[in-house]
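S.K.: show me how the following folds:
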Amino acid sequence: MNLVQFLCKFDITKRILTRLFHPKTFDKGRWTLNKLQLKNPVGLAAGFDKNAIYLQSLGVLGFGFVEIGTVTPLPQNGSPQPRLFRLQKDKALINRMGFNNDGVEAITERLKNWKKKNEKQNSHLIIGGNIGKNKETPNDLAWKDYEICFLKLHPWVDYFVVNVSSPNTPGLRELQGKEFLQHLLSHLKKLNEQQTLLKPIFLKIAPDLTFEQLDSIIELAQEIKLDGLVVANTTIARESLKTSADQIQKIGLGGLSGLPLKNKNTELVSYIFKKANGQIPIIASGGIFNGTDAKEKMEAGASVIQVWTGFIYEGPSIVKNICATIK
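M.R.: Just a heads-up that it's a prediction; the model follows:
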């Protein structure tokens, strides 16, 4: 990514990279995310460009939208290293990054500068802001962390994702209960209505929820008219992996992503779509490596898709390859 970023400083190499990796433009208006016009339906999930450093490079590589973060009010170093592991036999990753980021103030300033430069270049990349709480913030005060990030980022992102589903911040998944979510999401919606321009608000859920918990979230999303769900975050499950149990034990805790989540997350997308009668927009993530995987998620009910682990394994051609299949 640093190499791509360097090459993007020069017009000629930037044009070459764009020609190599940028998919052909789809029909205008074909792909939307809550009225946001997307140049294509392939996004980059949160956790890759946590600090909004690589936006220009990711735009050149063809992504239709990029989700930054997870952003917290205060800077965090995250978990001790090593904290990111490849499971090559499974085409998967395990991470326990722990919301390492530069904090909302620094990231807001970076986005502000990027937006100004971007407007001059007359190009547009849809940016999502994934927000969370600091590790040291107790759960009963977590809503305040989300409020701070929401208000600071609001002028500079196109949509929000509320992250209460990462397994790498102690106690965070406890916030997926209906009572807290109702308070938090209703509060953010009220704050949203006080702004000049409404921004879509999505909730990112864990793939480890029970059907009872899932039904509760679907019911809440319909009650408060939530703009959509991101399905889904990493899993704490370790079933049916090709990597040896000894190696998995040595790696230890963390969220698993990649191919092992493919079928599970497709089932979740399908369940939510049918349960909500297609009334809740879904961003699907998990086990997407090619156009066939993307079509599978869309046929299950997803509006658009996000990649992360697939990007790591497939490389910079992933967007172009997916778009060539689903055109």
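
S.K.: next up, the contacts around the residue lying closest to F48 once chain neighbours are set aside.
M.R.: Leaving aside its sequence neighbours, F48 sits nearest to W308 (Cβ to Cβ, 6 or more residues apart in numbering; 5.9 Å). Glycine gets a C-beta too; all of them are placed from N, C-alpha and C. By Cβ atoms under 8 Å, 6 or more residues apart in numbering, the residues touching W308 are 44-45, 47-48, 257, 285.

S.K.: what segments of the stretch 1-150 of the chain are helices?
M.R.: Per DSSP state H, counting those that start in this stretch, the stretch 1-150 of the chain carries helices over the ranges 2-7, 11-21, 55-60, 104-120, 142-153.

S.K.: and those helices, which is most packed in?
M.R.: Ranked by mean neighbour count, the helices of the stretch 1-150 of the chain are led by helix 55-60 with a mean of 23 (mean count of other Cβ atoms under 10 Å).

S.K.: starting at the chain centroid, how far to that one?
M.R.: 16 Å (Cα atoms, centre = their mean, to the nearest Å).

S.K.: touching it from outside, list them.
M.R.: 1, 4-5, 8, 14, 17-18, 21-22, 44, 49, 66, 68, 114, 118, 123, 125, 127.

S.K.: show me the two of the contacts of W308 that sit farthest apart.
M.R.: In those, the most distant members under the criterion Cβ to Cβ are L44 and S257, with 13.1 Å between them.

S.K.: who has more neighbours, those two?
M.R.: The neighbour count for L44 versus S257, taken as other Cβ atoms under 10 Å, is higher for S257 (27 against 24).

S.K.: what's in contact with the host helix or strand of that one?
M.R.: Using DSSP states H and E, S257 sits within strand 255-258. Here strand 255-258 makes contact (Cβ under 8 Å, 6+ apart) with 87, 90-96, 166-168, 233-238, 286-287, 308-310, 313.

S.K.: quick check: mean pLDDT across the helix or strand following that strand?
M.R.: Next helix or strand after strand 255-258 toward the C-terminus (DSSP H and E): helix 262-275. The average pLDDT within helix 262-275 is 98.

S.K.: now do the next helix or strand after helix 262-275: which elements does it pack against?
M.R.: Going down the chain from helix 262-275, the next helix or strand is strand 282-285, by DSSP H and E. Helices and strands touching strand 282-285, by 3 or more Cβ pairs under 8 Å, 6 or more residues apart in numbering; DSSP states H and E, are strand 228-231, helix 262-275, helix 291-300, strand 304-307.

S.K.: thanks again, I'm all set now.
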